[in-house]
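S.K.: take a look and give me a structure for this.
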Amino acid sequence: MVFASIAQDPHFSQFFSSPLTLNPANTGLFSGDVRVSSNYRNQWRTVSTPFTTATVSADFQILNSVIGKQDVLGFGVIGMVDQSNNRGLKANYIGASAAYAKSLDASGYSKISLGFQSTLVSKKLDYNRFIFSRQFTPLGFDNSLPTGEPINGFVLNYPDFSTGILYTGMNANEANWYLGASYYHFTRPSESITSQYEMRLQPRLTFHGGYNMPIAEVNRFYFSALYMNSMLAKELILGGVLESFNPNGSYESRLFTGLFYRINEAIVPYVGFSTGKFQTGMSYDLNVSSLKTSTKSRGGFELSLLMTFSRDPERSKIPRCTNLF
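M.R.: Residues are numbered from 1 along each chain as shown. Predicted structure coming up:
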């Protein structure tokens, strides 16, 4: 008898730095012509072979001269690799997304965006990478012995579809806010490896929001939160980031320091730096869950890089209410 056990969706503590895996409605919603983002996560090194997740995406605005002056039409592509259990389980994702952000006022201070994403998923399970009790002998472990499983692994390939909505706003005091929701795997693709049992991927519903405001003229504080719910897992993370400028230097150079808390799981300190076109961030999960003893309170290291390019910054269509965190 064979059952497939597929882990929960890959996710990042720096969810705000991975716009296309967070919500398809984020596609194209930035200031500039092209945005490239990349994230890397490495976790559970103290208890097993590290679980690693890496993603890179690029999105851009199109038809700016055709659509409304304050509206935004975005298109993007994304790739992601997720490896776990001594690389016994590998998942590759290649997708494309599109979104349209409609301005709700003449100045573009409020927008509502609707996005859609399609993804081709490939998952491979290799039992040769695992350790089974039947392979232990009085002389030690022997991976040449049979595992006792009727098959050596499997490969799954299927299309997956997701959608999302996002509202963003800004007031005269330059305070910004946003509230979004995304719904992944809404077609419930099959992950069955045998015709005898049907196993379908459960949808994942995510709510995320944030608020930021200027402080002391040259600084800004960001608060953000995310709630994710699927059949396999629930997650709630919230926190804040302080953005600091050097008043004696370039206002394009900014330092970010923050702290997030994933409820009952991890405390996540964050530090980042931006030079205008480039923004990088680093965080580390300090485990506070029931696994903190075996993990020595260590969780996952995460690194993000965000690059924004524009041929003519003065003429770029600027969504006035974009949010960094």
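
S.K.: ranges for the helices of the stretch 151-300 of the chain?
M.R.: For the stretch 151-300 of the chain, the helices defined by DSSP state H, counting those that start in this stretch cover 292-295.

S.K.: how about low-confidence regions in it?
M.R.: Under the criterion pLDDT under 70, the flagged ranges of the stretch 151-300 of the chain are 151-153, 193-197, 246-251, 290-299.

S.K.: if you set the cut-off to 50 instead, what comes out?
M.R.: 292, 294-295, 297 (pLDDT under 50).

S.K.: which parts of it are strands?
M.R.: In order along the chain, the stretch 151-300 of the chain carries the following strands (DSSP state E, counting those that start in this stretch): 153-170, 176-184, 204-215, 219-229, 234-245, 254-262, 266-274, 278-287, 298-309.

S.K.: what of the stretch 1-150 of the chain?
M.R.: Under the criterion DSSP E, counting those that start in this stretch, the stretch 1-150 of the chain contains strands at 34-43, 51-61, 72-84, 89-103, 110-126, 136-137, 140-141.

S.K.: how close does the closest residue to Ile78 other than its chain neighbours get to Phe207?
M.R.: Once flanking residues are discounted, Ile78 sits nearest to Ser57: 3.9 Å by CB to CB, 6 or more residues apart in numbering. Placement of C-beta: from N, CA and C, glycine included. Using CB to CB, to the nearest Å, one obtains 21 Å as the distance from Ser57 to Phe207.

S.K.: between the two, which has more neighbouring residues?
M.R.: A direct count of neighbours by other CB atoms under 10 Å for Ser57 and Phe207 places Ser57 higher, at 22 against 15.

S.K.: hmm, that one is touching Val36, no?
M.R.: Yes: when contacts are counted by CB atoms under 8 Å, Ser57 is listed as touching Val36 (7.3 Å).

S.K.: buried stuff in stretch 75-83?
M.R.: For stretch 75-83, burial by neighbour count (16 or more other CB atoms under 10 Å) applies to Phe75, Gly76, Ile78, Met80, Asp82, Gln83.

S.K.: among these, give me the pair with the biggest separation.
M.R.: The two members of the buried residues of stretch 75-83 with the most space between them (CB to CB) are Phe75 and Gln83, at 28.4 Å.

S.K.: that older thread, closest one of the buried residues of stretch 75-83 to Gly95?
M.R.: The nearest one, if we look at the buried residues of stretch 75-83 relative to Gly95 and count by CB to CB, is Ile78, at 4.9 Å.

S.K.: any idea how far that closest one is from Ile165?
M.R.: From Ile78 across to Ile165, the span is 19 Å (CB to CB).

S.K.: with Arg200 instead?
M.R.: 24 Å.

S.K.: neighbour count for the two, which is higher?
M.R.: Regarding Arg200 and Ile165, a neighbour count based on other CB under 10 Å identifies Ile165 as having more, with 17 against 12.

S.K.: enumerate every residue touching that one.
M.R.: Ala25, Ile112, Ser113, Leu114, Gly115, Gly180, Ala181, Ser182 (CB atoms under 8 Å, 6 or more residues apart in numbering).

S.K.: show me the beta-bridge partners of it.
M.R.: According to DSSP bridges, the partner residues bridging Ile165 are Leu114, Ala181.

S.K.: picking up where we left off before, so which of the strands of the stretch 151-300 of the chain is nearest Leu104?
M.R.: It's strand 153-170; of the strands of the stretch 151-300 of the chain, that one is closest to Leu104 (CB to CB) at 8.5 Å.

S.K.: how far does the closest one sit from its chain's centre?
M.R.: Put simply, strand 153-170 sits 11 Å off its chain's centre (CA atoms, centre = their mean, to the nearest Å).
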